[in-house]
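Visitor: Here is my input; please provide its structure:
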Amino acid sequence: MTRNPLVTVVTATHNRLALLRETVNSVQQQDDAAWEMIIVDDASADGTSEWVQALDDARVRGFRFDEHAERSAARNLGLREARGEWVLFLDDDDLLPPDALSTHLGRLASAPQAVASVGARVLFTAEGEEVLDRVVGRVAVRGARRDVLCGGGSGAGATLFRAEALRSLGGWDPSYVIAEDYELWTRVARQGPVVVCPDVVLRYRVHGGQWRSPDFMGLMDEIRRSAVE
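Guide: Presented below is the predicted three-dimensional model:
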């Protein structure tokens, strides 16, 4: 185990062992060695916990919920246990490019006041289709509140957060099962500026196992209203 990892990658997982294997491998391939990974098994029934415990990698730690609690609660457990100064929440079906963590840290090195680094992502499918999803064309350090209130923000996997900033906010709100990333951003945006960069730091898998509520946009509006009250 790295004694003082700079980054903690937290992955909440539920019955996706086949995809989780790929996710963990992408973290193990990082070119920055100062990391640890925390996997929180949210009451899976597919052998996930046994597989995690059998991993021959001291940088990876596993925890388990005996009852399904949803990913915000699982991510909060990972945040509490994180030893890194920075934390990234990687979904169990997504992948990190090999230079993802080093890219984030490199961008943050010139912005010590920043509370997060946000990069671009590539959406990909099993059929080989790929789409670049990029917010900016060049590096910028800026406040995020206006962007967030206009519907912006970034998924957790493309963002490296300052761990203490999240802890000071109480972490993820477990009452949100969907749009939880956006709700978190409405609070993070008050904490300080963020680094936004064009570098691809996440490979986001698009597949049939994903679900979005038909009232997703309505929930976004509700979160936005709460943030300005």
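
Visitor: From the contact counts, what lies against the longest strand anywhere in the chain?
Guide: Secondary structure assigned by DSSP state E gives strand 194-205 as the longest strand of the chain. Helices and strands touching strand 194-205, by 3 or more Cβ pairs under 8 Å, 6 or more residues apart in numbering; DSSP states H and E, are helix 100-109, strand 116-124, strand 140-142. Any C-beta I mention is one placed from the backbone N, CA and C, and that applies to glycine too.

Visitor: Centre of the chain to the shortest one, how far?
Guide: The reference is to strand 140-142. Distance of strand 140-142 from its chain centroid, counting by Cα atoms, centre = their mean, to the nearest Å, is 20 Å.

Visitor: How about stretch 155-168?
Guide: The mean C-alpha position of stretch 155-168 is separated from the chain mean by 8 Å, Cα atoms, centre = their mean.

Visitor: try stretch 76-90
Guide: Its chain's C-alpha centre lies 10 Å from the corresponding centre of stretch 76-90 when counted by Cα atoms, centre = their mean.

Visitor: Mean confidence (pLDDT) on that stretch, please.
Guide: Averaging the model's pLDDT scores along stretch 76-90 yields 98.

Visitor: Then stretch 15-26?
Guide: Taken as a whole, stretch 15-26 has an average pLDDT of 98.

Visitor: what's in contact with it?
Guide: With contacts defined as Cβ atoms under 8 Å, 6 or more residues apart in numbering, stretch 15-26 is touched by 11, 13, 37, 39, 44-48, 51, 55, 60, 90-98, 203, 205, 209.

Visitor: same thing but at 6 Å, please
Guide: When contacts are taken as Cβ atoms under 6 Å, 6 or more residues apart in numbering, the neighbours of stretch 15-26 outside the stretch itself are 13, 44, 46-48, 92-93, 95-96.

Visitor: For that stretch, buried residues please.
Guide: Of the residues in stretch 15-26, 15-17, 19-20, 23-24, 26 count as buried by neighbour count, 16 or more other Cβ atoms under 10 Å.

Visitor: Grab the nearest non-local neighbour of His68.
Guide: Taking Cβ to Cβ, 6 or more residues apart in numbering, and ignoring the residues beside it in sequence, His68 has Ala43 as its nearest neighbour in space, at 4.3 Å.

Visitor: For the one you found, give its distance to Arg71.
Guide: Distance, Ala43 to Arg71, using Cβ to Cβ, to the nearest Å: 12 Å.

Visitor: Settle it for me: which of the two has more neighbours?
Guide: The residue with more neighbours, out of Ala43 and Arg71, is Arg71; 24 against 15, by other Cβ atoms under 10 Å.

Visitor: What is the end-to-end distance of stretch 31-44?
Guide: Counting by Cα to Cα, to the nearest Å, you get 30 Å between the two ends of stretch 31-44.

Visitor: Now do it, average pLDDT.
Guide: Stretch 31-44 carries an average pLDDT of 94.

Visitor: How about stretch 149-169?
Guide: 87.

Visitor: So what's the gap between it and the chain middle?
Guide: Relative to the centre of its chain, stretch 149-169 is centred 8 Å away, using Cα atoms, centre = their mean.
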